[in-house]
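Trainee: how does the following fold in three dimensions:
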Amino acid sequence: MGDNFLKKQAKNFRKRRDLALDDIKHSSLFQRPDVVNRIFHAKPCTNEKLAIGEELWAAPDPEHQRISVIRAHRKVAFIDGDGVAALMEAFSADNTPGLIPLRVIAVLNLSEVAQLQISEELKND
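Mentor: Next comes the predicted model:
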């Protein structure tokens, strides 16, 4: 392929990447204190363990009316109960990213249920 075409393709990629990063930084979802300051309880899936300080992602699972907690490409836990209503409402709002980063702040010894909170980076935006 021609050099001009490849240069233009690279320029367009950088432009789309910069626009996407700018859009993520200015999301309005995380201005809601009822979502940002809330602690969510996640039950781990079979054979999965969560560690304190671990960064995970939340994604809506409308089929089961719960929130899936994802590590890389695997579902490792799920949030149900009271936390689902607030997160589902937040996901349905305009300008909401498809995934929300979460941080594990505690893991209960007996039940292995993890307490999660939205990552600090998003709280500061």
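Trainee: Ala86 against Pro33, yeah?
Mentor: No - Ala86 is beyond contact range of Pro33, at 10.8 Å (criterion: CB atoms under 8 Å). In short, each C-beta sits where N, CA and C put it, glycine included.
Trainee: more neighbours, the two?
Mentor: Per other CB atoms under 10 Å, whichever of Ala86 and Pro33 has more neighbours is Ala86, with 16 against 9.
Trainee: any idea of the pLDDT on that one?
Mentor: Ala86 is assigned a predicted lDDT (pLDDT) of 78.
Trainee: find the nearest non-adjacent residue to it, please.
Mentor: Val35 (5.4 Å; CB to CB, 6 or more residues apart in numbering).
Trainee: quick one: low-confidence parts of the chain?
Mentor: 1, 24-32, 93-97, 120-125 (pLDDT under 70).
Trainee: show me where it has strands.
Mentor: 40-44, 55-61, 66-71, 74-79, 100-107, 114-118 (DSSP state E).
Trainee: who are the packing partners of the first one?
Mentor: Packing partners of strand 40-44 (3 or more CB pairs under 8 Å, 6 or more residues apart in numbering; DSSP states H and E): strand 74-79, helix 82-92, strand 114-118.
Trainee: each with direction, which strands does that strand pair with?
Mentor: Its sheet considered, strand 40-44 pairs with strand 74-79 (antiparallel), strand 114-118 (antiparallel) by DSSP bridges.
Trainee: over to the longest one?
Mentor: Sheet pairing of strand 100-107 (DSSP bridges) gives strand 55-61 (antiparallel), strand 114-118 (antiparallel).
Trainee: one step back: distance to Arg17 and mean neighbour count added to the strands of the chain, as CSV?
Mentor: Listed next are the strands of the chain as CSV, based on distance: least, CB to CB, whole Å; neighbours: other CB atoms under 10 Å:
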stretch, distance to Arg17, mean neighbour count
strand 40-44, 30, 20
strand 55-61, 20, 18
strand 66-71, 22, 20
strand 74-79, 26, 18
strand 100-107, 19, 18
strand 114-118, 24, 21
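Trainee: great, nothing more from me.
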